[in-house]
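>>> What follows is a predicted structure for the sequence shown.
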Amino acid sequence: MAAPLAIGIDIGGTRVRAALVDRSGALHARHETLTAAQAGPQAVVTQIADLVAIVTSGVSQEQLVGAGVCCPGPLDTTRGYALGVPTLAEFIDIPIAEMIAEALGMPLRLENDGVAAAHGEWRFGAGRGHDNLVYVTVSTGVGGGVVTDGRLLHGRKGMAGHVGHMVIAPDGERCSCGARGCWEAYASGTAFARRIAARSGYAGPAAVFAAAGAGEAVALDLVAQQADYLGIGISSLLHLYSPDVVVLGGGVANGLGLMVTAIRTRIEANAMPAFRDVPVVPAGLGENAGLVGAAALMF
Ligand SMILES: [Zn+2]
């Protein structure tokens, strides 16, 4: 019999992706489309069913072990509910896991996207071989997931690892969650882009990283400040979880090579000596971490 395969589904605010993944984490087929983010849950479920039909074309039903689905939180993964996803219209108190399982007709597991990506990086990416890791994704927001003592941390309702909403500045910048001073409000790609627009003519983070690489002073300063904000949150995560490694994913992690010195300087300043020697490394699976991590939940 052919080797078993799992379906990975990643519902993002911008793109929804599906892939066929084997036990070793390798992708056998992958397809994506722009998310019908404003059209409501049923439209997104239809998009998922269409993507799954494409990636499973020619694969026998017996070969498929099920589908792992990840989605931005907060989700109650113990009940399979979306509780109120800011980037997806009407994803409020709906049984999203049941809706997708019905459309696909197969066993399914739902996971918060940061937790799924942490799982992917732990099993197949930059965290492989470690029993303790913190995964942080820095893009539109700041998300994450934690592996501790060789187990994926879920917490109450499966919501552990929402690292972007730890407060680093009382009464600070307004966060997308409504609170003030969250790490996300300073360290996200959105916050970085806002500072870039206020201080320079660069188009966004990618342009600033390119200019910093060429030694331009304003760009270097913007990158150093962004790295410092990342270092502040990472220092707290070192104290909280004592990971073997911190894995950084998301678009802003593309500039890690330019930021790592300033991140380490902040860790030296903020972390107690015993916590300072933990490596901060780029994600190994890139934008597929959630897809692969969600699929791997089915094995
Ligand atoms: Zn927040």
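Received it, and whenever you're ready, just let me know what you need.
>>> got the residues of the protein near the ion?
165, 175, 177, 179, 182 (C-beta under 5 Å from the ion). C-beta: built from backbone N, CA, C; applies to glycine.
>>> Show the average pLDDT along stretch 65-85.
For stretch 65-85, the mean per-residue pLDDT is 95.
>>> Now the terminal residues of it, how far apart.
From the first residue to the last, stretch 65-85 extends over 28 Å; the measure is C-alpha to C-alpha, to the nearest Å.
>>> and residue 102, how far is that from residue 9?
For residue 102, the distance to residue 9 (C-beta to C-beta, to the nearest Å) stands at 14 Å.
>>> Please identify which of the two sits among more neighbours.
Between residue 102 and residue 9, counted using other C-beta atoms under 10 Å, residue 9 has the larger neighbour count: 27 against 12.
>>> does that one sit in a helix, a strand or a coil?
Residue 9 carries the three-state label strand when classified by DSSP: H, G, I helix; E, B strand; the rest coil.
>>> what's across from the closest residue to it other than its chain neighbours in the sheet?
Taking C-beta to C-beta, 6 or more residues apart in numbering as the measure, residue 9 lies nearest to residue 69, with 4.4 Å between them; neighbours along the chain are not counted. Here residue 69 sits in beta bridges with residue 9, residue 110, going by DSSP bridges.
>>> Which of the residues of the chain next to the ion has the largest number of neighbours?
residue 182 (28 neighbours).
>>> isn't it right up against residue 168?
Yes. Look at residue 182 against residue 168 with C-beta atoms under 8 Å: they come within range, at 7.4 Å.
>>> domains for the chain, by residue range?
If the domains of the chain are taken from automatic domain parsing, they occupy 5-116+288-296, 128-283, with pieces of a single domain joined by a plus sign.
>>> So for residue 122, which of those sits nearest?
Ranking the domains of the chain by their distance to residue 122 (criterion: C-beta to C-beta) puts domain 128-283 first, at 4.8 Å.
>>> how far does that closest one stretch from start to finish?
End-to-end distance for domain 128-283: 11 Å, by C-alpha to C-alpha.
>>> Could you check how far it is from the centre of its chain?
With C-alpha atoms, centre = their mean, to the nearest Å as the basis, the distance from the averaged C-alpha position of domain 128-283 to the chain average is 12 Å.
>>> what comes up buried for the longest helix seen in the chain?
As assigned by DSSP state H, the longest helix anywhere in the chain is helix 217-241. Residues 219-220, 222-238, 241 are the ones in helix 217-241 that count as buried (16 or more other C-beta atoms under 10 Å).
>>> Show me where the stretch 1-150 of the chain has its strands.
With DSSP state E, counting those that start in this stretch as the criterion, the stretch 1-150 of the chain has strands at 5-11, 15-22, 27-34, 64-71, 75-76, 81-82, 108-112, 133-138, 142-148.
>>> among the ones you listed, which is the most enclosed?
The densest packing among the strands of the stretch 1-150 of the chain, expressed as mean neighbour count by mean count of other C-beta atoms under 10 Å, is seen in strand 133-138 with a mean of 30.
>>> who does that one touch, helix- and strand-wise?
With contacts defined as 3 or more C-beta pairs under 8 Å, 6 or more residues apart in numbering; DSSP states H and E, strand 133-138 has these neighbours: helix 113-124, strand 142-148, helix 217-241, strand 245-249.
>>> In JSON lines: the ones you listed, plus distance to residue 201 and mean pLDDT.
Written out in JSON lines, the entries for the helices and strands packed on strand 133-138 read as follows (distance: least, C-beta to C-beta, whole Å; pLDDT from 0 to 100):
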{"stretch": "helix 113-124", "distance to residue 201": "33", "mean pLDDT": "97"}
{"stretch": "strand 142-148", "distance to residue 201": "26", "mean pLDDT": "97"}
{"stretch": "helix 217-241", "distance to residue 201": "9", "mean pLDDT": "98"}
{"stretch": "strand 245-249", "distance to residue 201": "27", "mean pLDDT": "98"}
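>>> Of these, which is nearest residue 273?
Judged by C-beta to C-beta, the one of the helices and strands packed on strand 133-138 that comes nearest to residue 273 is helix 217-241, at 11.3 Å.
>>> right, and residue 92 touches residue 84 too?
Yes. In this structure, residue 92 is within contact of residue 84 by C-beta under 8 Å, at 4.8 Å.
>>> For the closest residue to residue 249 other than its chain neighbours, which residues are in contact?
Closest residue to residue 249 apart from its sequence neighbours, by C-beta to C-beta, 6+ apart: residue 283 at 3.5 Å. Contacts were defined as C-beta atoms under 8 Å, 6 or more residues apart in numbering; by that measure residue 283 touches 117, 121, 125, 126, 135, 137, 247, 248, 249, 250, 253, 289.
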